[in-house]
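> 3D, please:
(one chain, ligands or ions: 1)
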Amino acid sequence: MSEYFLGLDSSTQSLTAIVIDLATRKIAFEASLNFDAACPRFGTKNGVLRDADPRVVHAPPLMWVEALDKLFAQLKEKGAPLAQVKAIAGSGQQHGSVYLNKFAPAALAALDPARPLTDNLDHVFSRSTSPIWMDSSTSLECDEITAGFGGRAELIAATGSAAFERFSGPQIRKFAEHDPKAYGETAHIALVSSFMASILAGKIAPLDPGDGAGMNLMDIATKQWNAAALNATAPELAKKLPPLAPSWQVIGPVHGYFAKKYGVAPDAQCVAWSGDNPCSVIGLGLVEAGQTAISLGTSDTYFGTMSECRTDPNGEGHVFGSPAGGYMTLICFKNGSLAREKVRDLYKLSWPEFSAALRATPPGNNGGIMLPWFDPEITPRVLKPGIHRINLSAADAAANCRAVVEGQMLSMRLHSQWMGLRPTKIFATGGASANSEIMQIMADVMGCPVYRIETTASAALGAALRAAHAWHAARGTVAWPHIVRGFTEPVSGSEIKPRSDAVAVYDKHIHAYAAAERQGLLTANG
Ligand code: XUL
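Alright, predicted model coming up:
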C-alpha cells in the first residue's frame, strides 16, 4: 500500500512540491512554480525586490502566500495524491524574516476556503517586505550585536556562527532601530520556513534548530533561545519569537482550508519546516554523524554532520542543528566553478583539455600551489581578490589546472578540520562532480572514497523525507537510514577510490598549502 508524504521548498525563486511514496521508494509527483512568472503583480525579479542601495534585498511575503495557493491548485489539477498524504513538511530559504502583527493568529486559524489565501492574510503583516539571505545591509548591526554580546569568539561559541549580515538577528535589529513603531506592532517574528508552516497548520508554528541557528539568536548547544543574544539584538524579542522545537515536531493537522479547497487528507499532519540547507542535508542522505557532501557549483559548499556540538573558532563555517538530530555545518567557498572556469579560459582550454592536464600532472603538483581568489573569498576570508602562485609558473598551463583544483580541495580539507572528524566517504554533487579527474583529486586530498549524487531538488526531497520521518517517529522509533533508503543512493558505479600514494603526498602537502595560505592572507588582507 502506498505511503505518501509531501515536501515543499519555498526557495528564493520558486516554490516546489515533491510527493514521495515511502512504500515503493519513488518520487510520485513533482511540481514547481516560479515566483516572477506565477505571481507577476508583486514585481519581483528572480524572486526578489532590489532597493536603490544594492545591499538591500527583500521579498514580499504575501507573494509566498499566493504561490502556496497556486501550487496547491496545480497539485489538485494535475492529480497529485493529496487525499492520501499522511504528513507535510517543508524547506525555506534560510535567514529571511517575516513580521506579523497581533491579528495573525486569528487570521491563520480562520482561513476561509471561499477566498484566496492572500485575501485571508493580507492584513497580518507589520512589515510588507521580508529581508532575505541576499541582503547585506546590516554590517553596523552585526558589530553592535557582537559588541553587545561580549565578543566575536563568544558569539560563535554560543550561537554557532559569527554575526553575518544576512542572518536574521542583525536584520531584526536593523528593523527595530529604523522603524521602532512597526517593530512595536510586530507581535510575531517568523522565518520563511515557520511562516509557511504556520499557514498550513493555521497557527503560529515553531522553528526548528536547523533554521533557528541561522539567526545568531539560538544557543547552539541547547537548541533554545539564548537570552543574552536576544538582549543584544532587539527589545522584547523573547515575546515575539516562536518556540524552538525538534525538526520532527508534529504541529497538528493541516488547516481545513487545504482539505476543503484542494482535497488534502484532513488528518494529514503538518511537520515543522526547516531551512533549505538543513533539508538538503537530508535530501543528500547525510543522516548519520560523519557523513559529508561537497557541492561543486558556482560556489563550492561543504556539508558535514556531527553528533557533538563543535563550532569553528575562525567563524568561517556555520553550525546549524541537523534535522536528523545532532549538528551540521555549512562551509561556503566562493571561488568554485568560477575559479575553475577562469583558469580554463586563461589557457584557452576546453573541459576535455583541462581534464587531460589533470591527468598529465602528478599529485602535489611538484610543489606548485595556487590560491584561486579570483573573487573576494568567504573561506578563508579574503577581502582583496587576486590569484597567488607559489612555486608555480604562470606559463605552465597544465600545472595551473592542477593547482586550481588542488588549492580548492586542500582549502576544504584545511577549513573543515575544526570539526574534528575526517570523512569516511564523501557524496559529491553539482556540475563539476561529473568530472572524474576532479573527483579523483577530491578523493586523494580527502583520503576517502567519493561518490556522485545526481540531484536537482534535494531540499524539497529532504522535506518530504522529513515528513515521513516525523510521521513514523510519532508512532514509535524509526531509523533515519531506513527512511532515506532508495531515495539518496549515489549514481551506481560512480565510486572513486583514493590512491594511497597520492593520499600520502597530500598528507604532507597540506602543510605547505596552509603556510602558503597564511602568507597569501597577509598580502590580501593587509
Ligand atoms: C545559507 C544561505 C543560503 C540560503 C539560500 O546560509 O544564506 O544558502 O539558504 O536559500
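
> in contact with the closest residue to residue 327 other than its chain neighbours, which residues?
Here the nearest residue to residue 327 in space, its sequence neighbours aside, is residue 306; by CB to CB, 6 or more residues apart in numbering that works out to 4.6 Å. Bear in mind the C-beta positions are built from the backbone N, C-alpha and C, glycine included. Each residue near residue 306 by CB atoms under 8 Å, 6 or more residues apart in numbering is listed here: 289, 290, 319, 326, 327, 328, 329, 419, 420, 421.

> so which of those residues sit within strands?
Residues of the contacts of residue 306 located in strands (DSSP state E): 319, 327, 328, 329.

> which non-adjacent residue is nearest the closest residue to the ligand within the stretch 151-300 of the chain?
When scored by CB to the nearest ligand atom, the stretch 151-300 of the chain has residue 276 as its residue closest to the ligand, at 4.7 Å. Once its chain neighbours are removed from consideration, residue 276 has its nearest residue in residue 459; the separation is 4.3 Å (CB to CB, 6+ apart).

> ok so, going back, retrieve the pLDDT associated with the residue nearest to residue 327.
You'll see residue 306 listed with a pLDDT of 94.

> same deal with residue 383?
Value for residue 383, per-residue pLDDT: 87.

> doesn't residue 212 fall inside a strand?
No. Residue 212 sits outside any strand when classified using DSSP: H, G, I helix; E, B strand; the rest coil, being helix.

> and it, how far from residue 126?
Separation of residue 212 from residue 126 (CB to CB, to the nearest Å): 21 Å.

> so between those two, which is more surrounded?
Regarding residue 212 and residue 126, a neighbour count based on other CB atoms under 10 Å identifies residue 212 as having more, with 32 against 23.

> just to revisit the earlier point, could I get the contacts of residue 306 as a markdown table with pLDDT, distance to residue 249 and neighbour count?
Putting those into a markdown table (pLDDT from 0 to 100; distance: CB to CB, whole Å; neighbours: other CB atoms under 10 Å) gives the following:
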| residue | pLDDT | distance to residue 249 | neighbour count |
| --- | --- | --- | --- |
| 289 | 89 | 21 | 17 |
| 290 | 89 | 25 | 16 |
| 319 | 97 | 21 | 23 |
| 326 | 95 | 16 | 17 |
| 327 | 97 | 18 | 26 |
| 328 | 97 | 18 | 27 |
| 329 | 95 | 23 | 25 |
| 419 | 93 | 27 | 23 |
| 420 | 90 | 29 | 9 |
| 421 | 86 | 28 | 16 |
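
> including distance to residue 226, could these go into CSV?
Formatted as CSV, the contacts of residue 306 follow (distance: CB to CB, whole Å):
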residue, distance to residue 226
289, 24
290, 27
319, 14
326, 19
327, 16
328, 19
329, 19
419, 22
420, 23
421, 26
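
> what residues does this structure put near the ligand?
11, 12, 93, 94, 95, 133, 166, 214, 275, 276, 277, 330 (CB under 6 Å from any ligand atom).

> closest point of the stretch 351-500 of the chain to the ligand, which residue?
Going by CB to the nearest ligand atom, the ligand is nearest to residue 459 of the stretch 351-500 of the chain, at 8.3 Å.

> that residue: neighbour count?
Under the criterion other CB under 10 Å, the count of neighbours that residue 459 has is 29.

> and it, what element?
Secondary-structure assignment from DSSP states H and E places residue 459 in helix 458-473.

> pretty sure residue 427 sits in a strand.
Yes. Using three-state DSSP, the assignment for residue 427 is a strand.

> packing partners for the helix holding residue 459?
Taking 3 or more CB pairs under 8 Å, 6 or more residues apart in numbering; DSSP states H and E as contact, the helices and strands that helix 458-473 lies on are strand 4-10, strand 14-21, strand 85-92, strand 269-271, helix 276-283, helix 480-484.

> helices of the stretch 351-500 of the chain, residue ranges please.
351-360, 397-414, 436-446, 458-473, 480-484, 500-525 (DSSP state H, counting those that start in this stretch).

> so which residues of the stretch 51-200 of the chain form strands?
Across the stretch 51-200 of the chain, reading from the start of the chain, the strands by DSSP state E, counting those that start in this stretch fall at 57-59, 85-92, 97-100, 130-131, 188-191.

> elements contacting the longest one?
With contacts defined as 3+ CB pairs under 8 Å, 6+ apart, strand 85-92 has these neighbours: strand 4-10, helix 192-201, strand 269-271, strand 274-275, helix 276-283, helix 458-473.

> let's see it as PDB, backbone CA atoms only.
Provided in PDB are the C-alpha atoms of strand 85-92 (Å, rounded to 0.1, in the frame of the first residue of the first chain):
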ATOM      1  CA  VAL A  85      -0.800  12.400   2.000                       C
ATOM      2  CA  LYS A  86       0.000  11.400   5.600                       C
ATOM      3  CA  ALA A  87       2.300  14.300   6.500                       C
ATOM      4  CA  ILE A  88       3.700  17.500   5.000                       C
ATOM      5  CA  ALA A  89       7.000  19.200   5.800                       C
ATOM      6  CA  GLY A  90       8.900  22.000   4.200                       C
ATOM      7  CA  SER A  91      12.100  23.800   3.500                       C
ATOM      8  CA  GLY A  92      12.500  27.500   3.300                       C
END
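
> who does that strand pair with, and is each partner parallel or antiparallel?
Applying DSSP bridges, strand 85-92 is found paired with strand 4-10 (parallel), strand 269-271 (parallel), strand 274-275 (parallel).

> surely residue 207 meets residue 246?
No. When contacts are counted by CB atoms under 8 Å, residue 207 is not listed as touching residue 246 (10.9 Å).

> the more surrounded of those two?
Between residue 207 and residue 246, counted using other CB under 10 Å, residue 207 has the larger neighbour count: 31 against 16.

> ok, residue 241 to residue 186 distance?
11 Å.

> if you count what's nearby, which of those two comes out ahead?
residue 186 (26 against 22).

> if I pick the residue nearest in space to the middle of the chain, what's in contact with it?
Against the mean C-alpha coordinate of the chain, by CA atoms, centre = their mean, the closest residue is residue 277 at 2.2 Å. Taking CB under 8 Å, 6+ apart as the contact definition, residue 277 lies against 94, 210, 303, 320, 328, 330, 459.

> re earlier: for residue 334, which of the helices of the stretch 351-500 of the chain is the nearest?
helix 397-414 (10.8 Å; CB to CB).

> coming back round to it: the residue nearest to residue 276 contacts residue 90, doesn't it?
No. Residue 459 sits out of contact with residue 90 when judged by CB under 8 Å, with a separation of 9.1 Å.

> between those two, which contacts overlap?
Common neighbours of residue 459 and residue 90, using CB under 8 Å, 6+ apart, are 9, 279.

> any idea how far residue 160 is from the residue nearest to residue 327?
Relative to residue 160, residue 306 is positioned 11 Å away (CB to CB).

> anything in contact with each of these two?
Residues touching both residue 306 and residue 160 by CB under 8 Å, 6+ apart: 319, 327.

> who's the closest spatial neighbour of residue 316, skipping the chain neighbours?
Distances taken as CB to CB, 6+ apart put residue 379 closest to residue 316, at 4.4 Å, once the chain neighbours are dropped.

> and the one you found, what are its phi and psi?
phi -130, psi 110 (degrees, to the nearest 10).

> OK, contacts around it?
Residue 379 makes contact with 316, 317, 331, 332, 333, 334, 411, 415, according to CB under 8 Å, 6+ apart.

> again, only this time at 7 Å
Under the criterion of CB atoms under 7 Å, 6 or more residues apart in numbering, the neighbours of residue 379 are 316, 331, 332, 333, 415.

> with secondary structure and neighbour count added, can I get the residues you listed in a markdown table?
Shown next, in a markdown table, are the contacts of residue 379 (DSSP: H, G, I helix; E, B strand; the rest coil; neighbours: other CB atoms under 10 Å):
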| residue | secondary structure | neighbour count |
| --- | --- | --- |
| 316 | coil | 21 |
| 331 | strand | 22 |
| 332 | strand | 17 |
| 333 | strand | 22 |
| 415 | coil | 20 |
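
> around residue 488, how many other residues sit close by?
The number of residues packed around residue 488, counting by other CB under 10 Å, is 22.

> just checking, it touches residue 282?
No. Judged on CB atoms under 7 Å, residue 488 makes no contact with residue 282 at a distance of 8.2 Å.
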